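# following is a predicted model, sequence given first.
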Amino acid sequence: AQRVTQPEKLLSVFKGAPVELKCNYSYSGSPELFWYVQYSRQRLQLLLRHISRESIKGFTADLNKGETSFHLKKPFAQEEDSAMYYCALLSLQGAQKLVFGQGTRLTINP
Amino acid sequence: EAGVAQSPRYKIIEKRQSVAFWCNPISGHATLYWYQQILGQGPKLLIQFQNNGVVDDSQLPKDRFSAERLKGVDSTLKIQPAKLEDSAVYLCASRRTGGRNEQFFGPGTRLTVL
């Protein structure tokens, strides 16, 4: 079964501290993984995807197939990073569809 | 480009009533998705359209939910009759064929069933 687990519903860190949002997945095959973000009063939007191996707004995420993880990291948190973060897996079997984790609410304290 | 549009933004109904939601995707996006997001959970796919055909509706409660995308553009999602557990945010998303597999989301419709 395809599943995405985000173990932390809430995460609070101080400005300037490192941030790591955890994501683990269950999928048979090679998944495509994403992080989506929802800022306050805005719509859900793509933050980054593992295939691009990019850094967006200082965030990076590395796919670890051995640990089936796709943790999101940022070395120095900023107040504007406060948001809801969702890890998602694109199932490539049959109809391509996104399976989302339950989300982590990140709060950056000044 | 204009984003995904949804209406209404909020709806309050009583159980056993019916309700309909409307979505207008980004122009040229062939794939359209409806998600249900219950409070405290991530979005769950209800139905996926490719142009005006259904690609996946395996998680759509077909005894009460229906959706259509008649001309391959706008889509409507209907619930009839509604239950208390249908209270959620209903998200519409669209994606163009090929490219980055990026889905673009609308603002959502928040449904409260009393």
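Nice, I can see it.
# pretty sure residue A:40 sits against residue A:83.
Yes - here residue A:40 reaches residue A:83: they are 7.1 Å apart, a contact under CB atoms under 8 Å. To be clear about C-beta, it is placed using only N, CA and C from the backbone, and glycine gets the same treatment.
# which of the two has more neighbours?
A direct count of neighbours by other CB atoms under 10 Å in any protein chain shown for residue A:40 and residue A:83 places residue A:83 higher, at 20 against 7.
# got the phi and psi for that one?
Recorded main-chain torsions at residue A:83 are phi -180, psi 180, according to degrees, to the nearest 10.
# skip the chain neighbours and tell me the closest residue to it.
Excluding the flanking residues, the one nearest residue A:83 by CB to CB, 6 or more residues apart in numbering or on different chains is residue A:39, at 4.6 Å.
# I'd like the distance between the one you found and residue B:89.
16 Å (CB to CB, to the nearest Å).
# secondary structure element holding the spatially most central residue of chain B?
Closest to where the C-alpha atoms of chain B average out (CA atoms, centre = their mean) is residue B:34, at 2.9 Å. Under the criterion of DSSP states H and E, residue B:34 resides in strand B:31-37.
# adjacent strands (with direction) for that strand?
Looking at strand B:31-37 with DSSP bridges, its partner strands are strand B:44-50 (antiparallel), strand B:88-95 (antiparallel).
# burial measure for residue A:37, as a count.
21.
# so what's the residue in chain A that chain B sits nearest to bridging to?
Residue of chain A nearest chain B, by CB to the nearest CB: residue A:100 (3.2 Å). Counting by DSSP bridges, residue A:100 is bridged to residue A:88.
# go on, residue A:45?
residue A:37.
# equivalent analysis for residue B:44, please.
Going by DSSP bridges, residue B:44 is paired in beta bridges with residue B:36.
# that one against residue B:34, yeah?
No - contact between residue B:44 and residue B:34 fails when scored by CB under 8 Å: they sit 10.0 Å apart.
# so which bits of chain B are right by chain A?
By CB under 8 Å from any CB of the partner chain, the residues of chain B that approach chain A are B:3-4, B:33, B:40-45, B:48, B:55-56, B:91, B:93, B:100-108.
# for residue 72, give me the backbone phi and psi.
Just going to use chain A. Backbone torsions for residue A:72, taken as degrees, to the nearest 10, come to phi -100, psi 130.
# hm, I was asking about chain B
The phi/psi pair for residue B:72 (degrees, to the nearest 10) reads phi 70, psi 20.
# pull up the gap between it and chain A, please.
Remark: distance between residue B:72 and chain A (CB to the nearest CB, to the nearest Å) = 17 Å.
# now for that residue: which residues touch it?
Contact analysis of residue B:72 by CB atoms under 8 Å, 6 or more residues apart in numbering or on different chains lists B:30, B:49, B:51, B:52.
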